[in-house]
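Enquirer: Using only what follows, build the 3D model:
(2 chains, ligands or ions: 3)
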Protein chains: 2
Amino acid sequence: MSGLIRLRGFIQAMTRLADSGAGEARWLTEGAGLLRGLVAKDDWLPAEMAEAGPTYRQYLLHCDPTERFCVVSFVWGPGQRTPVHNHTVWGLVGMLRGEEVSTEMRPGPVGGPMRPGQVDRLRPGEVVPVSADTYDIHVVENAFADRVSISIHCYGGNIGAIARSVFDPATGAARPFISGYHNKAVPNLWDRSQELAA
Amino acid sequence: MSGLIRLRGFIQAMTRLADSGAGEARWLTEGAGLLRGLVAKDDWLPAEMAEAGPTYRQYLLHCDPTERFCVVSFVWGPGQRTPVHNHTVWGLVGMLRGEEVSTEMRPGPVGGPMRPGQVDRLRPGEVVPVSADTYDIHVVENAFADRVSISIHCYGGNIGAIARSVFDPATGAARPFISGYHNKAVPNLWDRSQELAA
Ligand SMILES: [Fe+3]
Ligand SMILES: [Fe+3]
Ligand SMILES: [Mg+2]
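Expert: Ligands and ions are numbered 1, 2, ... in the order given. Below is the predicted model:
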C-alpha cells in the first residue's frame, strides 16, 4: 500500500469520528485505536515530513477544515527536547521511529521550581494520550542522543494555532505560546490517478 | 489580509455549505457566490500554484477529506488548451487572472465530428457553472496567445480522482481519463501563529 493511501485512510477515519460527534473520551479510545493502526508500520511518512533541523520540528500533515482535529509529525534530532509546555486540548502521541520520553511537570511552590511527575517512555507503535485527566503540562525529548526519533501527534484542535503556554521550570512562570508549524505545504493525499489507473 | 487567510476562509465556508447538506442547486448558487468572493481579488494565490508549464497545469489547493468537493488552480500557459472532456459532477469556474474560453462540444453523427455549442469567454472575477443542466462536455483554452491565464475551479467531488472521459472531436470517440494533479503538496493554510501573535 502506498504511504499516502495509508495516511489518507487514517485521516478519513478520523474525519468520520469527528462527524459522528465524538467527545474527548471517544477520541482517546477510538482515535487512539486508529493512531495505533497508523504507527504500526513505518513505511508511509513522506521524507520531507521526516527531516530533522537545528531544533525539533512540527510538520502539519493534515488539519480538519473546521479545526476539530489535526495530525502532526514531530521530528526530534539527536538529543532535542521541547520547552515545558501545555496543550489545553486532548492529544494523542503515537511513536513511529526511535523513542521519546515525556515527563509530566507539576507546579511547585509559588515562584519555585516545577517538579517532575509521571515519566512515559514511548517505543515504536505505542500510543499515549495527553489530556486534563492524565497530565497537560510536560516536557518531551528524544530518548536518543545519536539518532532521529519521530512521533505522530493528533490534537483536539488546530494545535499550531492554539494560544497556550510554555513554563520556566525554575520558577513555574508561564509565557504565552503559539507553536505554528515548520512546513509551508502539506502532502497532497488526493491524487488517485495512479492507483485508479492501475 | 494575507492570501492564505482568504483561501482558508473560502474553504471553511465551502465546508460549512457541504456540512449543511447542500445539493447541486445550492452549490451552483451559494457556492458560486462564495467563489465570486474569492476571485474578486487576485492577491492570494501562492506563487507555486500559479506556475505555467509545457501543458496546462492543475494544482490542487484543497480537497474535502470526505471528497465532497475540491478547489483547484488551473494555469494556462500562452495558447494552451485542454482536450475535449467531461466532468460527471457539478463544477464552478472562477476567473482569477487573464481570460479563458470554454466551448461546449456536442455529439455529432455517429463516428462523425463533434459540434461546438455554447461559447463562454470568462473575464477576471466572473464565475460560471458546468453541470448536466448547462453542458458537461467542453474544451477550454487560454484566450491569450502571449500570457498566462489562471482560473479557480471547484467540483462536486475529488476531480483528480474521478473516472471520466476525453473525446476525439473528429469522431466523438471517448477514452477513459483520470486527471490527477500536478502538485505533490498543497498549501498549509493552518499556521495561524503570525496572525494570532500580531
Ligand atoms: Fe506536548
Ligand atoms: Fe472542464
Ligand atoms: Mg461571459
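Enquirer: okay, now the closest residue to A:A145 other than its chain neighbours: neighbour count?
Expert: Computed as Cβ to Cβ, 6 or more residues apart in numbering or on different chains, the closest residue to A:A145 that is not its neighbour in sequence is A:G79, at 4.6 Å. The C-beta positions use only the backbone N, C-alpha and C, and glycine is treated the same way. By other Cβ atoms under 10 Å in any protein chain shown, the residues close to A:G79 number 12.
Enquirer: Wait, A:G79 touches A:N142, no?
Expert: Yes - using Cβ atoms under 8 Å, A:G79 is in contact with A:N142, at 6.0 Å.
Enquirer: Name the helix or strand of chain A that has the lowest mean pLDDT.
Expert: In chain A, no helix or strand scores lower on mean pLDDT, DSSP states H and E than helix A:193-197, which sits at a mean of 81.
Enquirer: Do any residues in it lie close to chain B?
Expert: Yes - Helix A:193-197 comes into contact with chain B (Cβ under 8 Å from any Cβ of the partner chain), by way of A:193-194, A:196-197.
Enquirer: What are the contacting residues of that helix?
Expert: A:2, A:5, B:160-161, B:163, B:178-181 (Cβ atoms under 8 Å, 6 or more residues apart in numbering or on different chains).
Enquirer: ok, A:G3 - contacts?
Expert: By Cβ under 8 Å, 6+ apart, the neighbours of A:G3 are A:43-46.
Enquirer: Filtering those by proximity to chain B, which remain?
Expert: Applying Cβ under 8 Å from any Cβ to the contacts of A:G3, none is adjacent to chain B.
Enquirer: Filter those down to the buried ones.
Expert: A:44-46 (16 or more other Cβ atoms under 10 Å in any protein chain shown).
Enquirer: since we're on A:V128, how many residues are nearby?
Expert: Around A:V128 there are 18 residues (other Cβ under 10 Å).
Enquirer: That one in helix, strand or coil?
Expert: With DSSP: H, G, I helix; E, B strand; the rest coil as the basis, A:V128 sits in strand.
Enquirer: ok, it touching A:W90?
Expert: No - A:V128 is beyond contact range of A:W90, at 11.8 Å (criterion: Cβ under 8 Å).
Enquirer: Tell me the confidence at A:P129?
Expert: In this model, A:P129 is scored at 91, pLDDT.
Enquirer: Spatially nearest residue to it (excluding sequence neighbours)?
Expert: A:P129 sits nearest to A:L28 (Cβ to Cβ, 6+ apart), 4.7 Å away.
Enquirer: pretty sure that neighbour is touching A:G91, no?
Expert: No - judged on Cβ under 8 Å, A:L28 makes no contact with A:G91 at a distance of 9.1 Å.
Enquirer: And the residue nearest to the spatial centre of chain A, how far from chain B?
Expert: Nearest residue to the geometric centre of chain A (Cα atoms, centre = their mean): A:H153, 2.0 Å. A:H153 sits 14 Å away from chain B, going by Cβ to the nearest Cβ, to the nearest Å.
Enquirer: Nearest spatial neighbour of that residue, chain-adjacent residues omitted?
Expert: Spatial nearest neighbour of A:H153, chain neighbours left out: A:V72 (4.7 Å); criterion: Cβ to Cβ, 6+ apart.
Enquirer: For that neighbour, grab the count of nearby residues.
Expert: 26.
Enquirer: Pretty sure it sits in a helix.
Expert: No - read with three-state DSSP, A:V72 is strand and lies in no helix.
Enquirer: Now do the same for the residue lying closest to A:A52 once chain neighbours are set aside: its pLDDT.
Expert: Leaving aside its chain neighbours, A:A52 sits nearest to A:G77 (3.8 Å; criterion: Cβ to Cβ, 6+ apart). Looking at A:G77, its pLDDT is 98.
Enquirer: A:G77 touches A:V148, doesn't it?
Expert: Yes - under the criterion of Cβ under 8 Å, A:G77 is in contact with A:V148, at a separation of 6.1 Å.
Enquirer: which neighbours do those two share?
Expert: Counting by Cβ under 8 Å, 6+ apart, the common neighbours of A:G77 and A:V148 are A:52, A:142.
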